[in-house]
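Chemist: Structure of the sequence below:
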Amino acid sequence: MNTAYEFINKYIPIKHALKARENGSFLILSNKESNVYYLNGTAREIWENIDGNKNINEICGYLSGEYDVSREVLERDLIDFIRDMQWKKLLRLKKGA
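Modeler: Sure, this is the predicted structure:
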């Protein structure tokens, strides 16, 4: 298991985007600074599974049933996605129970 994943897997991601809009297969998000970002199909599916209730481990568990990749690869990709969304000020984490 990825060390970074072990550290944050109980945290709950919270959407922090100002706006979200569909454009074909892409999801367009903007933050409070009016920066615009496009999410492709996979990133969009991760985003849509963030509901403010499920922790990162639960989201990873769902995605592992949807994609034919190893759990280790999925954990790494999920951590990368979360970090990217945090840098773009589209997502924040709250401590889960």
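
Chemist: use CA for all of it now, contacts and neighbours both
Modeler: Noted.

Chemist: List the contacts of stretch 55-72.
Modeler: Identification of contacts with stretch 55-72 by C-alpha atoms under 8 Å, 6 or more residues apart in numbering yields 1-2, 8-13, 46, 49-50, 74-75, 78, 96.

Chemist: out of those, which is most surrounded?
Modeler: Of all those, the most densely surrounded is Pro13 (26 neighbours; neighbours counted as other C-alpha atoms under 10 Å).

Chemist: Give me the distance between that one and Gly41.
Modeler: According to C-alpha to C-alpha, to the nearest Å, Pro13 stands 19 Å off from Gly41.

Chemist: what does Ser70 give?
Modeler: Applying C-alpha to C-alpha, one obtains 19 Å for the distance of Ser70 from Gly41.

Chemist: starting at the chain centroid, how far to the longest helix seen in the chain?
Modeler: Criterion DSSP state H: the longest helix present in the chain is helix 71-87. The chain centroid and the centroid of helix 71-87 are separated by 7 Å under C-alpha atoms, centre = their mean, to the nearest Å.

Chemist: Equivalent analysis for stretch 10-25, please.
Modeler: Between the centre of stretch 10-25 and the centre of its host chain there is 8 Å, according to C-alpha atoms, centre = their mean.

Chemist: follow-up on the earlier one: and the contacts of stretch 55-72, which is the shakiest by pLDDT?
Modeler: For these, the weakest pLDDT value sits at Met1, with 62.

Chemist: Which stretches in the protein count as strands?
Modeler: Ranges of strands in the chain, per DSSP state E, are 12-15, 19-23, 26-30, 36-39, 91-94.

Chemist: got the buried residues for the last one?
Modeler: Within strand 91-94, the residues that qualify as buried are 91-93, counting by 16 or more other C-alpha atoms under 10 Å.

Chemist: again, but for the fourth one
Modeler: By neighbour count with 16+ other C-alpha under 10 Å, strand 36-39 contains the buried residues 38-39.
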